[in-house]
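**Student:** Give the three-dimensional model of this entry:
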Amino acid sequence: MATKKTVPQKTEQKKTAMTKPQIDVNGKASSKDGIYGLPFKEEHATIVYLPIPWDVTTSYQAGTAKGPGAILAASEQIDFFDLDYVDAYQAGLFMKKESAKLKKLNTEGRVLAKKIIDADDDQMAKNKNLQKALVKVNQLCEEMNKEVYKETKAQLDKNKIAVVVGGDHSTPFGAIKAYAEKYPKLGVLHFDAHSDTRVAYMGFQNSHASIMHNVMEKISGVSKLVQVGIRDFCEQEFNYTRDNKKVEVYFDQTLARRKMSGESFQKIAKEIVSHLPEHVYISFDIDGLDPRFCPNTGTPVPGGLDYQEVVLIINELIASGKKLVGFDLVEVAPNPKDKTNEWDANVGMRLLYKMTSASLASLGHIKKR
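**Tutor:** Predicted structure coming up:
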């Protein structure tokens with residue numbers, strides 16, 4: 001019996017000891033090899049990106065379900081050299097294939113949700129078919145949450161960093177839940193144009209506009225929510241975030257006026273970071289940026305953060321010694337009228353790589369320059 005046990009152990013050791021692929025960092029990459037043109041296998045990757053093709057409850061314009069694929073395609077344009085961090089790619093980066101199950105659920109849910117979005121309150125109150133459709137949409141969204149939670153937890157159990165790539169902003173709920181279980185008292189740093197603290201917006205219990213309300217009310221392991229760039233919200237959301245001691249909001253208008261009065265943005269960035277606990281999860285809605293960086297996102301809003309301001313905040317987070325244990329990137333959408341225009345995805349994949357580098361550096365997998 002002892003001999004039989006040692007043979008598979010040796011075989012397993014050979015599998016895990018396999019050398020990582022050689023990468024030509026100065027050559028032309030191909031997304032056919034994997035995200036950023038990296039031919040890593042999942043077992044050799046420290047970062048595993050989870051593409052979630054989902055835009056069921058998007059209330060303005062759909063298209064974010066195509067975001068993960070667009071980011072993957074654009075990622076071959078990356079240059080790995082970074083002035084802040086050393087060679088994140090060496091830690092191993094891998095994107096899983098999009099789930100056929102989630103694609104099917106998204107298609108079904110979007111058809112039903114569109115009918116509800118187009119209806120008025122009176123129609124919803126009287127039409128039993130619309131009411132049944134709403135129940136079904138909520139069930140489908142719950143199923144998506146469970147799938148994301150299950151996959152994220154599986155990756156975390158392997159000591160990998162699981163990264164949701166959306167999809168609309170409802171997609172990371174399951175991931176945040178899994179991270180909060182692993183890191184109690186987790187802090188969420190939320191970049192967005194929207195507060196996303198509506199209660200079941202339009203009846204959708206897991207709306208993209210309700211995720212942060214759901215996070216704060218349903219995930220007890222989250223101890224702090226810091227929102228940055230917020231500039232489109234309703235009175236209920238304003239009151240909710242104002243009255244919740246666990247929430248700190250940096251409204252876009254306030255940030256702009258502080259900068260116009262001559263205040264250093266680096267000082268502001270340090271202040272933002274100071275509110276966060278030791279373990280931090282970034283939830284990044286691309287529309288937190290100025291719309292010139294993401295013109296095709298689901299709900300663009302005038303104003304917003306500059307790309308380098310975001311990088312400064314992230315770098316200040318790492319410089320503070322806090323740990324960026326996880327993150328997501330959502331609401332990236334390709335141009336529906338021009339398939340050759342990769343601007344949104346180009347910005348998205350670079351932001352994704354920057355957060356990847358920062359997370360790996362904070363956790364000791366790579367070095368800062």
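**Student:** so where do the helices sit in the stretch 51-200 of the chain?
**Tutor:** 67-74, 100-118, 121-126, 128-157, 173-182 (DSSP state H, counting those that start in this stretch).
**Student:** Can you tell me what sits against the last one?
**Tutor:** Looking back up the chat, that one is helix 173-182. Helix 173-182 has contacts (C-beta atoms under 8 Å, 6 or more residues apart in numbering) with 50, 144-150, 152-153, 156, 162, 164, 186, 188, 206, 211, 214-215, 218-222, 281, 283, 325-326, 328. From N, CA and C alone the C-beta is placed, and that goes for glycine too.
**Student:** Turn the helices of the stretch 51-200 of the chain into a markdown table, including distance to E342, mean pLDDT and mean neighbour count.
**Tutor:** What follows is those, written out as a markdown table (distance: least, C-beta to C-beta, whole Å; pLDDT from 0 to 100; neighbours: other C-beta atoms under 10 Å):
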| stretch | distance to E342 | mean pLDDT | mean neighbour count |
| --- | --- | --- | --- |
| helix 67-74 | 5 | 96 | 24 |
| helix 100-118 | 21 | 95 | 17 |
| helix 121-126 | 38 | 92 | 11 |
| helix 128-157 | 26 | 97 | 18 |
| helix 173-182 | 26 | 98 | 23 |
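**Student:** Kindly state which of those is positioned closest to M349.
**Tutor:** Among the helices of the stretch 51-200 of the chain, helix 67-74 comes nearest to M349, with 4.8 Å by C-beta to C-beta.
**Student:** what packs against that closest one?
**Tutor:** Using 3 or more C-beta pairs under 8 Å, 6 or more residues apart in numbering; DSSP states H and E, the elements in contact with helix 67-74 are strand 47-52, strand 161-166, helix 343-362.
**Student:** for the record, mean pLDDT for the longest one?
**Tutor:** Spelled out, that is helix 343-362. Averaging pLDDT along helix 343-362 yields 98.
**Student:** what is the orientation angle of that helix with helix 67-74?
**Tutor:** 90 degrees (axes from the mean of the first three to the mean of the last three C-alpha atoms, to 10 degrees).
**Student:** Tell me what angle helix 343-362 forms with strand 47-52.
**Tutor:** Using the same axes, to 10 degrees, helix 343-362 lies at 140 degrees relative to strand 47-52.
**Student:** For helix 343-362, which helices and strands make contact with it?
**Tutor:** Using 3+ C-beta pairs under 8 Å, 6+ apart as the test, helix 343-362 ends up in contact with strand 47-52, helix 67-74, strand 161-166, strand 279-285, helix 307-319, strand 323-330.
**Student:** if we look at the second one, which residues are touching it?
**Tutor:** Spelled out, that is helix 67-74. 31, 35, 49, 51-53, 95, 98, 165-167, 329-334, 342, 344-346, 348-349, 352.
**Student:** re the thing from before, turn the helices and strands packed on helix 343-362 into a markdown table, including distance to R257.
**Tutor:** Shown next, in a markdown table, are the helices and strands packed on helix 343-362 (distance: least, C-beta to C-beta, whole Å):
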| stretch | distance to R257 |
| --- | --- |
| strand 47-52 | 36 |
| helix 67-74 | 32 |
| strand 161-166 | 31 |
| strand 279-285 | 22 |
| helix 307-319 | 15 |
| strand 323-330 | 28 |
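**Student:** Nearest to A91 among the ones you listed would be which one?
**Tutor:** Closest among the helices and strands packed on helix 343-362, once you apply C-beta to C-beta, is strand 47-52, at 6.6 Å.
**Student:** Give the partner strands of that closest one in its sheet and their orientations.
**Tutor:** strand 93-95 (parallel), strand 161-166 (parallel) (DSSP bridges).
**Student:** Run through who's touching it.
**Tutor:** 35, 42, 68-69, 72, 91-99, 102, 144, 148, 151-152, 155, 160-167, 171, 175, 352, 356, 359-360.
**Student:** one more time with 7 Å, if that's ok
**Tutor:** The contact list for strand 47-52 (C-beta atoms under 7 Å, 6 or more residues apart in numbering) reads 35, 42, 68, 91-96, 98, 102, 148, 151-152, 155, 160-167, 171, 356.
**Student:** Right, I'll call it a day here.
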